[in-house]
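> Would you be able to build a 3D model of this:
(chains A and B)
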Amino acid sequence: MLQVENLTVYYKTIRGYVQALEKATFTIADGEIMGLAGESGCGKTTLGHSLIHLRPPMNYIEGRVVLDGREVPVWDMEQMQEFRYRHISLIPQYAMNALNPTRKIGKMIAELLESRGVNFDEVLPELKRRLDLVQLSHDVLKMYPIELSGGMKQRTVMVVSTLLNPSLLIADEITSALDVSTQKAVCEMLVEFRDQGFVKSTIIITHDISILYQIADSILVMYAGQLSEKAPTETIFQDPRHPYTKMLIGSLPKVGVRHQEERLLGIPGSPPRLLNPPAGCRFRERCPVAFDRCVEVPPFLEISPGHSVACWRAY
Amino acid sequence: MGRYLRRKLLIYILTFFVAVTIDWMIPRFMPGDPVSLMIARIGTRPEAAEVLRGYFIKAFGLDVPLWQQYLNFWKALFQGDLGVSIWLYPQPVIRIIQRAIPYDLFLLLPAIFLSWFAGNQVGALAARARWLDNTILPLGYLLTATPYMWLAIVLAWSLGNVAGIFPIAGAYSFAIRPHLSLQFILNLLHHWFLPFMSLFLVMFGGWAIGMRNMIIYELESDYSRYLEALGIPQSLIRKYAFRNAMLPQITGLALQLGGIVAGAVATEVVFAYPGIGYIILNAVQNQDYFLLQGCFLFIIIGVLLANFLIDLVYIIVDPRTRLGMTGE
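Below you'll find the predicted structure:
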């Protein structure tokens, strides 16, 4: 179980702080796959990475993270070492390039595990079992990354990242570079990993909300560094309460609608810059239902069990 | 694998042919001609000079048309005959080169390998901490930007002339005859030190900067960041980065080693060190076609050989080349 409270992370730049993540508060239950959605630059990756590798220019401002009842010192690079990989792990956005090009994959995994004090030979049978699970031949271990296709590398990284059964897995844009059928396979593997108990909670960071519809238990929508809405997947699609979520869902193509006749809806305008962002709700400028109250930051409140939203119109 | 090597070999043979042809052409396109220069040096009466000219032109095979000279040149080459030197007439070119090469190897092999090794280590170290970077980087730039002969002159002047610690000319004292004894070896090393240092320092700066930049690039690369996120200790990440950063450095080393036979012209001239570089200068000044040709021939062979060796080394150290050979 992951609890995040008021987590605020800024990027330090010469011109000041870029306020990329503002007071994020949410929980993920054991076995929950949470989708983290939003457009580019909304702070999804910042949130994901601050939970495992909060490196400069990211700056920890405030907030706390609790995983399975233990305080996670995200602000301390050294103390975090213990949590990384063993308790919190990452499938990075750049999974295609995440393997050292000059090491055989098996040897690299062995070196990684030994360096974390894990005996490779003990893990090897499990590693092979998991390779079978993601439909990779055991020969992969004797190959160099260059010998694998993009999808194979992706699956290899998935296996490597989850090998120590972390409590929390952060999967960052893992489907972006894949074709649709591979996307589906990769997503199903994430569900499988959860079902098999390799990972407890999963955060899937993506801008592709339709993928989340298929696999996520809940969806957290972010906008310009602020949390907009978190709810079970069905609720997000059937009964979204935040105007941004509504418009995001509304902008998805629907089955059976011919878009020659009915234009696909977009969201007019663009997100604010996060260096000196406007006070109050950051969606205000683009929001069709904004009113006076929106100059104050709306709190992220639970309006029904498991459904939280940050909008003055929704409470 | 076999196909890869065969293809490489073919390319090298072709390169050799073209390079040697150019090598044959260049001295002949220099203004002036060597025989006149030689006769002027002898300073004899005009009638005798005419006779001598006829004799020398025949002796050097310059009396036939150019295309025939070219063919004769290849014929002689395959018999291991590089001709007779004009500058040191009548010594065969091959003998002169043979005499000079040990000095080049003795001077350049340690300079290149030690500077490569030390530069890589120090460069990798510089990428480790900011204060090291702030001291090593400017020093590296300063060293690598220094012209060889300028540093050579500064060293010769400061440690040779002013301090009088090191001799500044020759490979050994003129008073001593080469023989195998501790005294001679010490004398040799004593003379070797300044030319060595002047080469070592400049090369060292270049290697250190190259390595430092490569390491930083590797440490910023995706695989390093992935490992960091997984909490892998810095020692292992650095090990990977170092190994991967070495690859371009190995290519650089190949290029340096290829030029080894060429000697270090400027350094050898400053210290009157009797390597190939020193000989090349004299061959140019004396319009010595054959000696110049011979020197360049050895340089060509050296460069090609070194490149070929590095091709082989690459097969071992970089799996990506190995795979490229079988595929496609």
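
> so B:V270 touches B:W157, yeah?
No - with contacts counted by C-beta atoms under 8 Å, B:V270 stays clear of B:W157, the gap being 10.3 Å. Quick note: C-beta positions are derived from backbone N, CA and C, even for glycine.

> what sits against residue 241?
No chain specified, so I'll use chain A. Contact analysis of A:R241 by C-beta atoms under 8 Å, 6 or more residues apart in numbering or on different chains lists A:E229, A:A231, A:I303, A:H307, A:V309, A:C311, A:A314.

> looking at chain B here, not the other one
Neighbour list for B:A241: B:I215, B:E218, B:L219, B:S221, B:S224 [criterion: C-beta under 8 Å, 6+ apart].

> Identify each buried residue in the strand or helix carrying it, please.
Following DSSP states H and E, one finds B:A241 within helix B:234-258. By neighbour count on 16 or more other C-beta atoms under 10 Å in any protein chain shown, the buried set for helix B:234-258 is B:236-238, B:240-242, B:244-247, B:249, B:252-254, B:256-258.

> do stretch A:280-292 as well
A:G280, A:C281, A:R282, A:F283, A:R286, A:C287, A:A290.

> nearest to chain B, of the residues you listed?
Distance to chain B across the buried residues of stretch A:280-292 (C-beta to the nearest C-beta) is lowest for A:R282, with 28.1 Å.

> Can you report phi and psi for that closest one?
Main-chain torsions, A:R282, degrees, to the nearest 10: phi -80, psi -10.

> Kindly report the same for A:P92.
phi -80, psi 160.

> what sits against it?
A:A98, A:V157, A:D172, B:D222, B:R225, B:Y226, B:A229.

> Residue numbers of chain A in contact with chain B?
Proximity of chain A to chain B, by C-beta under 8 Å from any C-beta of the partner chain, involves residues A:49, A:52-53, A:55, A:80-86, A:89-90, A:92, A:94, A:97-104, A:111-112, A:115-116, A:144, A:146-147, A:157, A:161.

> Excluding chain neighbours, what is closest to the one residue in chain B that gets nearest to chain A?
Residue of chain B nearest chain A, by C-beta to the nearest C-beta: B:G231 (2.9 Å). Counting by C-beta to C-beta, 6 or more residues apart in numbering or on different chains, B:G231 lies nearest to A:R84, which is 2.9 Å off, once chain neighbours are set aside.

> how many neighbours does the one you found have?
Per other C-beta atoms under 10 Å in any protein chain shown, the neighbour tally for A:R84 reads 22.

> gap between it and A:N119?
Going from A:R84 to A:N119 by C-beta to C-beta, to the nearest Å gives 19 Å.

> same thing with B:A163?
Distance, B:A163 to A:N119, using C-beta to C-beta: 60 Å.

> Run through the residues that contact residue 297.
You didn't say which chain, so I picked chain A. By C-beta under 8 Å, 6+ apart, the contact set of A:V297 is A:Q226, A:A279, A:G280, A:C281, A:A310.

> meant chain B, my bad for not saying
B:V20, B:D23, B:L77, B:L82.

> For the third one, grab the count of nearby residues.
Residues contacting B:L77 under the criterion other C-beta under 10 Å number 16.

> the helices in chain A, which residues?
With helices called from DSSP state H, chain A shows them at A:44-50, A:77-80, A:105-115, A:120-133, A:150-161, A:180-195, A:209-215, A:233-238, A:243-250.

> so which of those helices gets nearest A:N59?
Among the helices of chain A, the nearest to A:N59 by C-beta to C-beta is helix A:44-50 (9.8 Å).

> Could you identify the buried members of the contacts of A:R241?
Buried members of the contacts of A:R241, counted by 16+ other C-beta under 10 Å: A:E229, A:A231, A:H307, A:V309, A:C311, A:A314.

> quick one: which of these is nearest A:G31?
For these, the nearest to A:G31 is A:A231 (17.3 Å; C-beta to C-beta).

> ok, the closest residue in space to that closest one that isn't next to it in sequence to A:L136 distance?
Nearest residue to A:A231, sequence neighbours excluded (C-beta to C-beta, 6+ apart): A:H307, at 4.1 Å. Remark: distance between A:H307 and A:L136 (C-beta to C-beta) = 39 Å.

> for the record, mean pLDDT for stretch B:276-289?
Averaging pLDDT along stretch B:276-289 gives 85.

> likewise stretch B:313-320?
Mean pLDDT, stretch B:313-320: 78.

> what ranges do the helices span in the stretch 1-150 of chain B?
Assigned by DSSP state H, counting those that start in this stretch, the helices in the stretch 1-150 of chain B fall at B:2-28, B:34-42, B:46-59, B:66-78, B:93-126, B:130-145, B:148-155.

> Any regions of the stretch 201-315 of chain A where pLDDT drops low?
Across the stretch 201-315 of chain A, residues meeting the criterion (pLDDT under 70) sit at A:255-262.

> what's the residue of the stretch 1-150 of chain A at minimum distance from chain B in contact with, if anything?
Closest residue of the stretch 1-150 of chain A to chain B, C-beta to the nearest C-beta: A:R84 (2.9 Å). Taking C-beta under 8 Å, 6+ apart, we find A:R84 in contact with A:I52, A:H53, B:A229, B:L230, B:G231.

> Identify, from these, the entry nearest to B:L10.
The nearest member of those to B:L10, counting by C-beta to C-beta, is B:L230 at 45.9 Å.

> That closest one against A:I88, yeah?
No - B:L230 lies out of contact with A:I88 (C-beta under 8 Å); the separation is 9.6 Å.

> In this structure the residue nearest to A:A231 contacts A:T235, no?
Yes - contact criterion C-beta under 8 Å: A:H307 and A:T235 qualify, at 5.6 Å.

> now for the buried residues of stretch A:280-292, which pair is the farthest apart?
Greatest spacing in the buried residues of stretch A:280-292, by C-beta to C-beta: A:G280 and A:R286 (13.2 Å).

> Not counting its neighbours along the chain, what's nearest residue 141?
You didn't pick a chain, so chain A it is. Using C-beta to C-beta, 6+ apart, the closest residue to A:L141 is A:G106 (3.0 Å).

> that's the wrong chain, I meant chain B
Using C-beta to C-beta, 6+ apart and skipping residues adjacent in sequence, the residue nearest B:Y141 is B:I209, 6.4 Å away.

> list the helices and strands the helix or strand where that neighbour lies packs on?
Using DSSP H and E, B:I209 falls within helix B:182-219. Judged by 3 or more C-beta pairs under 8 Å, 6 or more residues apart in numbering or on different chains; DSSP states H and E, the packing partners of helix B:182-219 are helix B:93-126, helix B:130-145, helix B:148-155, helix B:234-258, helix B:265-270.

> for these, which one ends up most surrounded?
Comparing the helices and strands packed on helix B:182-219 by mean neighbour count (mean count of other C-beta atoms under 10 Å in any protein chain shown), helix B:265-270 comes out on top with a mean of 22.
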